[in-house]
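Colleague: the sequence isn't on hand, but the structure is:
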């Protein structure tokens, strides 16, 4: 897995293909809003399996139907690396199915 830190330009290029994701405070962030609490929790369960497969674990905040994710690589000094971009891409593949 790619733990190399990404430049601002590389991050912005990746974000151009990741709808709703933003770069702030040295992290990739996105808020997901679902139709219900059950849908939000279902998303979190799927996320847990994908994150574990990639050995990369996001910061998660959940209230009712809203899930806020923060991705940064802790062992790279809390900066964005290829691992974060890859996980964001994987999340987008299953998030709305």
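Modeller: Here it is on my side, so go on. Since this is a predicted model, take the numbers as computed values, not measurements. Residues are numbered from 1 along each chain as shown.
Colleague: so where's this structure shaky on pLDDT?
Modeller: Within the chain, the stretches with pLDDT under 70 are 1-3, 5, 96-97.
Colleague: at 90 instead, please
Modeller: Judged against pLDDT under 90, the low-scoring parts of the chain cover residues 1-12, 14, 74-78, 93-97.
Colleague: report the central residue of it.
Modeller: The C-alpha lying nearest the average C-alpha coordinate of the chain belongs to residue 88 (CA atoms, centre = their mean; 4.1 Å).
Colleague: roughly how far apart are that one and residue 76?
Modeller: To residue 76, residue 88 is 15 Å away according to CB to CB, to the nearest Å. C-beta here means a position set from N, CA and C on the backbone, and glycine is covered the same way.
Colleague: now do residue 59
Modeller: Applying CB to CB to residue 59 and residue 76 gives a distance of 15 Å.
Colleague: again, but for residue 39
Modeller: On the measure of CB to CB, residue 39 and residue 76 end up 32 Å apart.
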